[in-house]
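Asker: pasting a predicted model and its sequence here:
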Amino acid sequence: MEENRPPWSHFIVASSSELKCNAVRSCFGPPTKVDAASADTGAHTTTPQPIGLEQALECIDARIRSVFDASDCSAFTPILAIESFIDLRSRALARFKRVLSAESRDRWCDATCIVLQHPFIGRRMIVSNNPYFLVDFPDEFQIPFETTALAETIGDRIHAKYPLAPSNDWYKFVGHTHTRAEVIVRLLDYMFKSLRAEPSFDAVVAEHPMRTFLNFPTQGIEFADLFSLTVHPSFNEALYCRVRKLVKHVCTADTRAQYCVVGLESRGLMLGYAIALSLGMPFVPARKPGKLPGHLVQESYSKEYGFDTLEMQTDYVEQLSLRYAIVVDDVVATGGSLLAACKLCEKAGLEVKLCALLADIPALREQWRAALKGYNISVLSGVPVIM
């Protein structure tokens, strides 16, 4: 079961169907939480039986919109939308790059489409184009090839004639080897296997090195530009995968709710927020003076081109009963700002469990290691900043 574990501990299934929700639960197992969101009515306002992939995707979009419109839905929770539709076997096999054998004939079959929607990775889709996942209708329930709409589902017709066959899970009653729930589980497994084929972070950073600019922001400073990395979607996805792996080593299921991500001003704010969003954790900013209201703690530090101060709000730390911090920044130079952030966390009552940096400057490596001795530091890429 661990092999099937998704990167999130909570899903919303865009349906009130217990069959679909139970299929997701059986695929991932505990402690994955699966909530049902009633979206079936909105999905089938145009047709109760989607015909072809295009109609199926229209129904899926309607399901996802219904979930987003629900006032109690978090925009950060991944949504799974599962839709059965009927299709001609020839069309389905063509998507799978197969053709009908000479001795077979085209016919209508039941197919399944699953869409995963998440704000961090976007939209992923899998369709049952493999013959294993296509279930032919019996001859008596075949319909004309030119059919574009039906007033009822094929499952309803099968159930009306054979009452023991459930309208939403009739596969075995027509001789298929698996139930509909088992087909959904297999498709989910295929989908998350592709997600687990994570890109190599080191390879992505090597392909798109971080750019530096000489004499910026002051004379004699070489400025490392984070945005030269974030313009590449492959970098963003690889970063998320790398951080998730690191967090698994410091954060347990029992303590996860007590964690937050702390991002340093200025580029660490953007980076930290994106990582907090992907991990489903609260985000706490560490900012320059005068930027934050409320009760604050403060820490000053020296840096390679002057002195500065960081501040952090303690109100939310107390309100959310947070105890642990993952500190995020882009590049570590002398380690001054990162050390200040760690001390800020400690003043706010947070134990720093991990400091995650994109890159470091090789010439200053011994300096920051000495300054941050005792902290768990991870430089995410094995590729240093261009010098």
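Answerer: Noted; the coordinates are in hand.
Asker: list phi and psi for N236.
Answerer: The phi and psi torsions at N236 (degrees, to the nearest 10) take the values phi -60, psi -40.
Asker: surely it meets L277?
Answerer: No - at 11.3 Å, N236 does not count as touching L277 under the criterion of CB atoms under 8 Å. Backbone N, C-alpha and C define where each C-beta goes, glycine included.
Asker: so which residues make contact with stretch 342-350?
Answerer: Identification of contacts with stretch 342-350 by CB atoms under 8 Å, 6 or more residues apart in numbering yields 260, 262, 286, 297-299, 310-312, 314, 317-318, 322-325, 327, 351-352, 355, 372, 375.
Asker: may I have it exported as CSV, CA atoms only?
Answerer: Extracted in CSV, the C-alpha atoms of stretch 342-350 (Å, rounded to 0.1, in the frame of the first residue of the first chain):
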residue,chain,number,x,y,z
CYS,A,342,16.4,30.4,12.8
LYS,A,343,16.8,32.5,15.9
LEU,A,344,13.5,34.3,15.1
CYS,A,345,11.7,30.9,15.0
GLU,A,346,13.2,30.0,18.3
LYS,A,347,12.1,33.4,19.8
ALA,A,348,8.6,32.6,18.5
GLY,A,349,8.6,29.2,20.2
LEU,A,350,9.3,27.2,17.0
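Asker: roughly how far is it from the heart of the chain?
Answerer: 29 Å (CA atoms, centre = their mean, to the nearest Å).
Asker: so which residues of the stretch 251-387 of the chain form strands?
Answerer: 259-264, 283-286, 296-303, 306-313, 324-332, 351-360, 377-379 (DSSP state E, counting those that start in this stretch).
Asker: so can I have a markdown table of those strands showing distance to I126, mean pLDDT and mean neighbour count?
Answerer: Compiled in a markdown table, the strands of the stretch 251-387 of the chain are given as follows (distance: least, CB to CB, whole Å; pLDDT from 0 to 100; neighbours: other CB atoms under 10 Å):
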| stretch | distance to I126 | mean pLDDT | mean neighbour count |
| --- | --- | --- | --- |
| strand 259-264 | 31 | 96 | 26 |
| strand 283-286 | 31 | 97 | 23 |
| strand 296-303 | 48 | 90 | 16 |
| strand 306-313 | 42 | 90 | 17 |
| strand 324-332 | 32 | 93 | 25 |
| strand 351-360 | 31 | 90 | 21 |
| strand 377-379 | 33 | 88 | 17 |
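Asker: let's have these in JSON lines, adding distance to A94.
Answerer: Below are the strands of the stretch 251-387 of the chain laid out as JSON lines (distance: least, CB to CB, whole Å):
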{"stretch": "strand 259-264", "distance to A94": "45"}
{"stretch": "strand 283-286", "distance to A94": "46"}
{"stretch": "strand 296-303", "distance to A94": "60"}
{"stretch": "strand 306-313", "distance to A94": "57"}
{"stretch": "strand 324-332", "distance to A94": "46"}
{"stretch": "strand 351-360", "distance to A94": "44"}
{"stretch": "strand 377-379", "distance to A94": "46"}
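Asker: which one of those strands lies closest to S26?
Answerer: When those are compared by CB to CB, strand 259-264 sits nearest S26, at 28.5 Å.
Asker: list the helices and strands the closest one packs on?
Answerer: Applying 3 or more CB pairs under 8 Å, 6 or more residues apart in numbering; DSSP states H and E, one finds that strand 259-264 contacts helix 267-279, strand 283-286, strand 324-332, helix 336-347.
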